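# what shape does this take:
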Amino acid sequence: MRVVVAGAGLGGLCVANGLRNAGVDVEVLEARDGIRDVGQGYRININATGHNALRACLADEHFQAYEHTLHRQADPAVYLYSPVLRLLSRDEAPPAPGAIDRATVRRLLAGGLAGRVRFGRRVASIADIGAADLIVAADGDGATVLALCAYDPPPRTATEPYVTWVLMGPAGAALRRSASYRAREPSHA
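Just a heads-up that it's a prediction; the model follows:
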């Protein structure tokens, strides 16, 4: 089976590593020419579930590099400030392994794919992907591949991550599509 993942963000790279670990022939196509996280935040907190997922997903050397770059906070609480920096609230957060630079995690995940990430590969149509048994749309902002693959694509301004896939048949015919859905349901407080 050959799987093509469109998008080398955190989600696409995690999926690709998991597939590679399962023995699947996987390739990642990324529109940008490299890993740069402009406007996506500097550091991300990794909770215990994410930490365990990275342990299962990364080769030992990459996982050790990830652990080496984690910043462990002495006070893991979450502070909320007003625009004039007045403390509005302080909430206790569950213990977490730490925080890490987003681009560092992406580089470690891409490093685990040993040449299977193709940068500068903008996809405008399914034909641009080439031969694949399964296409995973993880292309984020703009969601070109998601819009091509999903029955009911999300609006282009969606801020919640969406997940979709397409099982390809002979001559590039789509045999089965997932429903497009939000990866996280919004809370209704």
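# for whichever helix in the chain runs longest, which positions count as buried?
Counting by DSSP state H, the longest helix found in the chain is helix 10-21. Across helix 10-21, burial judged by 16 or more other C-beta atoms under 10 Å covers 10-17, 19-20. C-beta coordinates here come from the backbone N, C-alpha and C atoms, glycine included.
# check stretch 34-51 too.
35, 37, 46, 50-51.
# can you add secondary structure and give those back as CSV?
Converted to CSV, the buried residues of stretch 34-51 look like this (DSSP: H, G, I helix; E, B strand; the rest coil):
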residue, secondary structure
Ile35, coil
Asp37, coil
Ile46, strand
Gly50, helix
His51, helix
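# out of those residues, the closest to Asp25 would be?
Distances from Asp25 to the buried residues of stretch 34-51, taken as C-beta to C-beta, are shortest for Ile35 (22.4 Å).
# element containing the residue nearest to the closest one when sequence neighbours are not counted, please.
Closest residue in space to Ile35, ignoring its immediate chain neighbours: Arg106 at 4.8 Å, by C-beta to C-beta, 6 or more residues apart in numbering. Secondary structure assignment for Arg106, by DSSP states H and E: helix 102-111.
# can you give me the mean pLDDT across that helix?
For helix 102-111, mean pLDDT rounds to 87.
# what about the helices in this structure?
10-21, 48-57, 60-69, 102-111, 144-149.
# so which of these is nearest Val3?
Here helix 10-21 is closest among the helices of the chain (C-beta to C-beta), at 5.5 Å.
# taking helix 102-111 as reference, get the angle to that closest one.
Between the axes of helix 10-21 and helix 102-111, defined by axes from the mean of the first three to the mean of the last three C-alpha atoms, to 10 degrees, the angle is 20 degrees.
# now helix 10-21 - C-alpha only, CSV.
Taking Å, rounded to 0.1, in the frame of the first residue of the first chain, the C-alpha atoms of helix 10-21 are listed here in CSV:
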residue,chain,number,x,y,z
LEU,A,10,2.5,18.3,13.2
GLY,A,11,-0.5,16.1,12.3
GLY,A,12,0.7,15.1,8.9
LEU,A,13,4.2,14.2,10.1
CYS,A,14,2.8,12.2,13.1
VAL,A,15,0.5,10.3,10.8
ALA,A,16,3.4,9.6,8.4
ASN,A,17,5.7,8.4,11.2
GLY,A,18,2.9,6.1,12.5
LEU,A,19,2.3,4.6,9.0
ARG,A,20,6.1,4.2,8.4
ASN,A,21,6.4,2.3,11.8
